[in-house]
Structures are given as C-alpha cells and as structure tokens.
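below are the sequence and a predicted model; questions follow.
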Amino acid sequence: MSLIYLIPLLPFIGFVVNGLSFPRIPKQLAAIIGTIPPLVAFILSIQLFVNFDGTTQILHVAEWIKLGDLQIPLDFQIDALSIMMLLVITGVGTLIHIYSIGYMSHDQGFGKFFAFLNLFIFFMLILVLGANFTVLFIGWEGVGLCSYLLIGFWNQKNSYGNAARKAFIMNRIGDLGFLIGIFLLIQDFGSTDYATIFSSIQQGDVPENLGLIALCLFVGAMGKSAQIPLFTWLPDAMAGPTPVSALIHAATMVTAGIYMVIRANVIFELSPDVLQFVGWIGLSTALLGAIIGLFQNDIKKVLAYSTVSQLGYMFMGLGASAYSASLFHVMTHAFFKALLFLGAGSVIHAMSDEQDVRKMGGLKSKMPITYFTFLLGTLAISGIPPFSGFFSKDEILAHLYHHDLLMWSLAILGSACTSFYMFRVFILTFWGDFRGTEKQASHLHESPWSMTIPLIILAIFSVAGGLINLPHFAGGNEFLAHWLAPLLPSTEALGEVSFFSLEMGAPLFAAFIPPLLAIYIFSSKKLIPSEDSQIQGIQKLIYQKFYIDELYDLIIVKPVNFLSVFFGQVIDFLVIDLFVEGIGKIVQYTSTEFRRIQTGNVGYYVFMMVISIAIILFMGLKSWIL
Amino acid sequence: MQSIPDIIRTIPLAHYILLSSALFCIGILGVLTRRNAIIVFMAIELMLNAVNLLLAVFSSYYSDPSGQIFVFFIMAVAAAEVAVGLAIIVMIYRNIQSIDIGILNKLKN
C-alpha cells in the first residue's frame, strides 16, 4: 500500500529533477523525465481503482501541526471520490504531458515547462488526496501558484504577466473565504479532518454557523472554479500555453471547487440556503459564460467562456444536490474540454500562433485528425447523444427539472447557446475556405504524433466517457453514482424517463437545433463575423464581455490604485518620511553643533575637566548641606 | 624633644587647610594657564603635594597613621607618573621640536 505515496511523490521528483537541471539537459531527456511520473502515477491509480474495496482508508504520512488540542496530521484519504479524481488528473495529465512534447518543442523554456506541469500535478494530487481541509488547502494554494507560473509562462509579454497576476489575485480573494471557512471549522469542531467533522455532524452535532461555513467554503470554490463574480480571470488565463489551458483551466484545477463541495456535501446538505445560492450562482455563471461565448472570435476565448459556463452547470448540479451527476460532468468535461483545447492548440500550432477564427477556415483537409477529434469534442460538449456530454449534462438537467423548473428552463437556454457557439467555432475553423495569409497557408500541416495521439485517446474518452455513469433508460447501471454512494447523502431515484417526455425532449431540442442554425448561418450563407470595429449594438456589448472587466476596473482596481497612489505619494511622503527623516535631521544637526566643542586643544579639555569637577563637587556639597 | 605629630599640632588646623587650598589652587591655575608641558607637569606635582600635606596634617591631628600611608602611596604613584610623563614629553619634543600643549591638537577628528 506504500505505493500510494508514490502517486504524488513521483511528479514532485520530476519537478525537482527537471527544475534543477533546466536548461542543461536536452529536450528529449526533459520530456522523458517530465512525462514518466504522471504516467506511472496513472498506472498506480488504476491499480488502486481496481483493488478498491469500497472502504475509506486514511494513510498517515506525518505529524504536522500540534497546537494544544488542535491536531492537524498530514494524512491522505483514499476513497471513492479521491480515486476518481486521481484517475482524471493523472490520466488527462499524462496525455497533456505527451501533447506538450510536440506543442512546446520549439520553446526555449521546454524543461521549465515540464517542471511546472509536474509541480502542478503534484499539488493537484495533494489536493484530492488530503484527508483534511488543511492538506486540501496546501494543494489548493499550490495549484494556484502553478497556475500563476504557467499562465505567465511566456513572461516576456507584459499582458501575459498581467493575466497571471489577475488570476492569482482573484484566486486569493476566494482563498480568503476558504481560509475563514477552515478557521470556523477549527473553532466549531477542533479539527479539520473530514472524518471527524462529518461524523460529528452526522451524529447531530450541528453548530449554528454551519451555513456561514458552507458559504465561506463556497467563496473559495467561486474563486478557484471561476464563478460569478470571480470568473474574469479564467478567460484571461488563456494567455498561457494551450496545454496549460487544457490541463489547468479546463480539466483539473478549475474543478477543484466542485471537488471540494462534493467532499463537503455533508456540510452543504445541512445548509439548504447556501445550496440554493450555489445553484443560482452556477446558473448565472453558466448563462453569462454561454452568452459571452456566442460572439467571441478568439478560439481559445470561446473555449474559456465555455469552460466558465460548464463549471456553472456543475455548480447548478451541486445546488440541486446532484453530487454524483456533477462529478460525472467534471469527468466528461475533463475529457472533451481537454480534447477541444488540445485540438485548438493543434490548430494554433499549425496556424503559426493565429487564434482568430475569422482568419482560419477550411482546415478540414489539411488537418484531418485534428478536424475529426475536434468534431467529436464539439458533439460531446453540445450534448448530442450518445456522446459523453449528453449523459452528464442531461443528468444534471434531469435533477434540475425535479429541483426547480425555472432553473431548468434557463439551463436549457444556456445549453442551446453552448451548442450554437461550439458549432460556430467549429465551422469557422474547419469548413469553408481558408482566410489566412499565404504564409500561413504554406505552413499548414497536421501536428506531429505526440500531439495527435492524445487527441485520439481523448476523443475516444469523449465519445465513450458516458459509459461510466450510463443511466438506466440507456441500458446502463449508473456505475459512478453507485461507486460514490457511500460518500453522498441518499437521494431518491429520479424515476424512469423516456426520450419523448419534456424532461428529455427539451435538452435534445437544445442540442440539435442550434447546430443546424450555426450550419445555416456560417456554412450555407458563408457569413463571417465582422471586424472588431464594425461590431455594433448588443452584439458589441456581448463581444466586449458585458464590460465586466471594465466595471471591475472602475469599481475596484481604480479606487485601489488611487488609494495606493495616495498612500504612496501623500501619506508615505508627507507623514512617514517627514517623521523618520525629521528624527535623522535633528540628530545630524545637534551632532554637528556639539562637535564644535571638540577642539582637540588639550588646555581646553583640561579647563572643561576642572570646571566639571568643580560643578560636581559643588552639587555634592549642596546635597550634603541640605 | 617633642614628637613630630606634636610639633605639627602646634600650628592651628585652619592654617594648614588654607595653605594646602592655596597650593592646590596655584596648581590648578598653573595647569590651566601655562602652555609649557613641563610647567604643567610641575603644577600637577604641586596639586599632589597640597593633598599630601593635608593628609599628613589630618593624620597627626586625628592620630591615625593610615593618612600617612596614603601619602607614601601618592608619592610612589607620583614618581612613577613623572617617569612616564617626562618620557612622553621627551618623545613629543623629539617629534615636533616643541612641548607647547597648544600645538598638541591631534586628538581632534
């Protein structure tokens, strides 16, 4: 069982070796050192999965914090949920490492890139393996750091550095909430262990501020998983290399918030108001992301807003207590969104770093593998049966249908937007005529095997991923739901649904009609989105992302900047400097005055000595008389 | 034949005090006003001897021999001090051809 320790340890070793030896070792070696650890970790995770007997195991790694009654050990917890997350992280992580070998082959920071990726995998594994909220928090912060390092990987460009800082700072806001939640947990339960907290809640020891704790934890999830109002960092995070967008900002890190809520489902179940809040935040994020995605022209931006919107769906599912459905969507989303990002990366690679879909088109014949896998990803995310996205999204929608009809109908609307913008991007990129420059046209090529093989594998998962939780009506046995059942509150079965009911029909309608519309507009009529300057009206409002960035800039960034300038130039200059420098000036002035009496003349010294002795004697005499 | 303490006691105590105060003040004035290092030295000796005189007188008046022991100590210290001091003065003279203490302001800075 000690092999479990190797799962997080190997990526860490990879990070240390690659990090210390960069840039002295050749790229091929760095690639091997970087790719082997997640691969071995994946194999170990599979072994863990196969041998798992359904009982939760706590592995004690080390004593960590001991403060009076408070004990926070460094423990790992192996249970149904963490094994599922292990599989996703190491599996998708390995594929993306392999992909990066091809994608980053021309980059100078090759070894550094792999070191950071390995560090990320390490922290992500710590996050899901932790047996208490504090260990979770280490991983939580660690992945934030890696996200920062990798978004700003090409740090020669100022705007990339700004995007990295934005992501980091926005995450910090959420982390503050999370940290307060942890402190409240310690205050109420004297422990951060999942087992201790959850069993004491289940035994009826429910503290009054449990709702507040749930809210604080959710604020942390908001930051990490890019929910309103902390979502604007995710689209900007696309500044990083595309494998990073796929791994961190689509498949794994951003789902940490969902993982955490699922993990803490005992707390959330007892705070129905917070759960309701989670659902509505998820819904508004899903809708907002989907609507903004409709008019974006940057292929990665579309995928980024799509990720924001899909994360919204997952939170919606959580809000309806559909925990296993949300985890199901986390997994299928990891497959198809990683696939889409890697496909987009393949396109960008071929187009010599062009990301604007208006300048693409007709790539179908030049890049058949990318084309075909991207098509499968698009079908999966649009929720077209029998691809994986259909099952996972549909399960969330089915739960919403029974939970809140208004939420459900709005979610269907968002779902329709999703399939429309995905097909829009897909058609603009791969169909029609090539719209780029001559130079780009001559350079077009299918990507090397190291990039296409991960695409093919992910495409297979995107198609077949639905099998892990196939619902009864499709002949499955809901494996994932049963797998997770011991960790989740018991929910009543949703009952059998048929393809012809409203519950089933509306999502299918939302999946099939928008693509046809997109095909009509962008393929039959061959419309191409207009240039930036010609976009007008409400379309411009959406294209500019509802000016949310500008709004934040106006109400938060500008006042903070103003305050810092005020403190820097007025308070610091006029108050602090004046005080500190004043003391220095006084000392300097008095010492220059006093040093005049040091003439160096012996006679003068003797005279002063005599005078002083006389004064001392006189004073002594006076006190003796009195 | 009277003993020495008896002879000393034939003169009133106030006279001794006045005399040694006068000697001491002359010494101080000498130290303060003269610029020749040797004269300054002599003035210091004068001050020492004023104290010695007073110690010897008090010793006789109070029939306490420890005062005289102090006198011997002071004389021994003074002799040692003179030996060192004069040596320093000689060295200074060899270096700057002068024993004017007004010139000796190298302590400044």
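Great, that's in hand.

convert the C-alpha atoms of the helix or strand hosting residue A:306 to PDB, please.
Residue A:306 is part of helix A:299-319 when elements are defined by DSSP states H and E. Extracted C-alpha coordinates of helix A:299-319, given in PDB (Å, rounded to 0.1, in the frame of the first residue of the first chain):
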ATOM      1  CA  ILE A 299     -10.800  30.200 -30.500                       C
ATOM      2  CA  LYS A 300      -9.300  29.900 -27.000                       C
ATOM      3  CA  LYS A 301     -11.600  32.600 -25.600                       C
ATOM      4  CA  VAL A 302     -14.600  30.700 -26.800                       C
ATOM      5  CA  LEU A 303     -13.400  27.600 -25.100                       C
ATOM      6  CA  ALA A 304     -12.600  29.600 -22.000                       C
ATOM      7  CA  TYR A 305     -16.100  31.000 -21.700                       C
ATOM      8  CA  SER A 306     -17.400  27.600 -22.500                       C
ATOM      9  CA  THR A 307     -15.400  26.300 -19.500                       C
ATOM     10  CA  VAL A 308     -16.800  29.000 -17.300                       C
ATOM     11  CA  SER A 309     -20.300  28.100 -18.400                       C
ATOM     12  CA  GLN A 310     -19.800  24.300 -18.000                       C
ATOM     13  CA  LEU A 311     -18.400  24.900 -14.500                       C
ATOM     14  CA  GLY A 312     -21.600  26.800 -13.900                       C
ATOM     15  CA  TYR A 313     -23.500  23.700 -14.900                       C
ATOM     16  CA  MET A 314     -21.600  21.600 -12.400                       C
ATOM     17  CA  PHE A 315     -22.400  24.100  -9.600                       C
ATOM     18  CA  MET A 316     -26.000  24.100 -10.700                       C
ATOM     19  CA  GLY A 317     -25.900  20.300 -10.200                       C
ATOM     20  CA  LEU A 318     -24.400  20.700  -6.800                       C
ATOM     21  CA  GLY A 319     -27.200  23.200  -6.000                       C
END
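
and the helix or strand that it is followed by, what does it pack against?
Once the chain leaves helix A:299-319, the next helix or strand it forms, by DSSP H and E, is helix A:323-350. Applying 3 or more CB pairs under 8 Å, 6 or more residues apart in numbering or on different chains; DSSP states H and E, one finds that helix A:323-350 makes contact with helix A:80-103, helix A:242-246, helix A:256-263, helix A:299-319, helix A:368-382, helix A:388-403, helix A:449-464, helix A:479-484. To be clear about C-beta, it is placed using only N, CA and C from the backbone, and glycine gets the same treatment.

model confidence over helix A:323-350, on average?
Averaged across helix A:323-350, pLDDT comes to 89.

likewise for stretch A:213-232?
88.

and the helices and strands packed on helix A:323-350: which comes nearest residue A:557?
Evaluated over the helices and strands packed on helix A:323-350, closeness to residue A:557 peaks at helix A:299-319, with 20.3 Å, by CB to CB.

burial measure for the spatially closest residue to residue B:101 that is not a sequence neighbour, as a count.
Using CB to CB, 6 or more residues apart in numbering or on different chains and skipping residues adjacent in sequence, the residue nearest residue B:101 is residue A:602, 4.7 Å away. Residues lying near residue A:602 (other CB atoms under 10 Å in any protein chain shown) number 18.

what sits against residue A:227?
By CB atoms under 8 Å, 6 or more residues apart in numbering or on different chains, residue A:227 lies in contact with A:221, A:257, A:281, A:282, A:285, A:311, A:312, A:315.

tell me the secondary structure at it.
Under DSSP: H, G, I helix; E, B strand; the rest coil, residue A:227 falls in the coil class.

about what we covered before: name the helices or strands packed onto the helix holding residue A:306?
Using 3+ CB pairs under 8 Å, 6+ apart, helix A:299-319 is in contact with helix A:233-236, helix A:242-246, helix A:256-263, helix A:272-293, helix A:323-350, helix A:388-403, helix A:405-430.

need these in JSON lines (columns: mean neighbour count).
Listed next are those as JSON lines, based on neighbours: other CB atoms under 10 Å in any protein chain shown:
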{"stretch": "helix A:233-236", "mean neighbour count": "23"}
{"stretch": "helix A:242-246", "mean neighbour count": "29"}
{"stretch": "helix A:256-263", "mean neighbour count": "25"}
{"stretch": "helix A:272-293", "mean neighbour count": "22"}
{"stretch": "helix A:323-350", "mean neighbour count": "28"}
{"stretch": "helix A:388-403", "mean neighbour count": "25"}
{"stretch": "helix A:405-430", "mean neighbour count": "23"}
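
how close does the residue nearest to residue A:409 when sequence neighbours are not counted get to chain B?
Spatial nearest neighbour of residue A:409, excluding adjacent residues (CB to CB, 6+ apart): residue A:506 at 7.8 Å. Separation of residue A:506 from chain B (CB to the nearest CB, to the nearest Å): 95 Å.

residue A:506 contacts residue A:412, doesn't it?
Yes. Between residue A:506 and residue A:412 there is a contact at 5.1 Å, judged by CB atoms under 8 Å.

how about low-confidence regions in chain B?
Scanning chain B for pLDDT under 70 picks out B:1, B:104-109.

make it 90
B:1-11, B:28, B:31-38, B:40-41, B:62-65, B:92-93, B:95-109 (pLDDT under 90).

and the strands in it?
With DSSP state E, there are no strands along chain B.

ok, the residue nearest the centre of it - contacts?
The centroid of chain B falls nearest to residue B:48 when counting by CA atoms, centre = their mean (2.3 Å). Counting by CB under 8 Å, 6+ apart, residue B:48 touches B:27, B:74, B:78.

go with 6 Å
residue B:78 (CB atoms under 6 Å, 6 or more residues apart in numbering or on different chains).

that one and chain A: what is the separation?
Residue B:48 is 15 Å from chain A, by CB to the nearest CB.

the closest residue to chain B within the stretch 301-450 of chain A in helix, strand or coil?
The minimum distance from the stretch 301-450 of chain A to chain B, using CB to the nearest CB, falls at residue A:353 (68.3 Å). Secondary structure, three-state DSSP: residue A:353 is coil.

so how far is stretch A:334-344 off the chain centroid?
Mean-position distance between stretch A:334-344 and its chain equals 15 Å (CA atoms, centre = their mean, to the nearest Å).

correction: stretch A:56-72
That offset, for stretch A:56-72, works out to 27 Å (CA atoms, centre = their mean).

so what touches that stretch?
A:73, A:74, A:75, A:76, A:77, A:78, A:79, A:131, A:134, A:190, A:192.

how far away is the last one from residue A:68?
With distances defined as CB to CB, to the nearest Å, the gap from residue A:192 to residue A:68 amounts to 15 Å.

next one: the second one
From residue A:74 over to residue A:68 the distance is 18 Å, taken as CB to CB.

more neighbours, the two?
Between residue A:74 and residue A:68, counted using other CB under 10 Å, the more crowded position is residue A:74 (18 against 6).

please, which helix or strand holds that one?
Counting by DSSP H and E, residue A:74 is found in strand A:70-78.

again with residue A:613
helix A:602-625.

in that helix, which residues are buried?
Residues A:602, A:603, A:604, A:605 are the ones in helix A:602-625 that count as buried (16 or more other CB atoms under 10 Å in any protein chain shown).

ok, of these, which one's closest to residue A:388?
residue A:605 (96.3 Å).

model confidence score at the closest one, please.
pLDDT, residue A:605: 81.

now do the SS call for residue A:208.
coil.

which residues touch residue A:543?
So residue A:543 contacts A:295, A:535 (CB under 6 Å, 6+ apart).

per-residue pLDDT of it, please?
Predicted confidence (pLDDT) for residue A:543: 73.

any idea how far it is from chain B?
75 Å.

tell me the spacing between that residue and residue A:63.
Distance from residue A:543 to residue A:63, by CB to CB: 55 Å.
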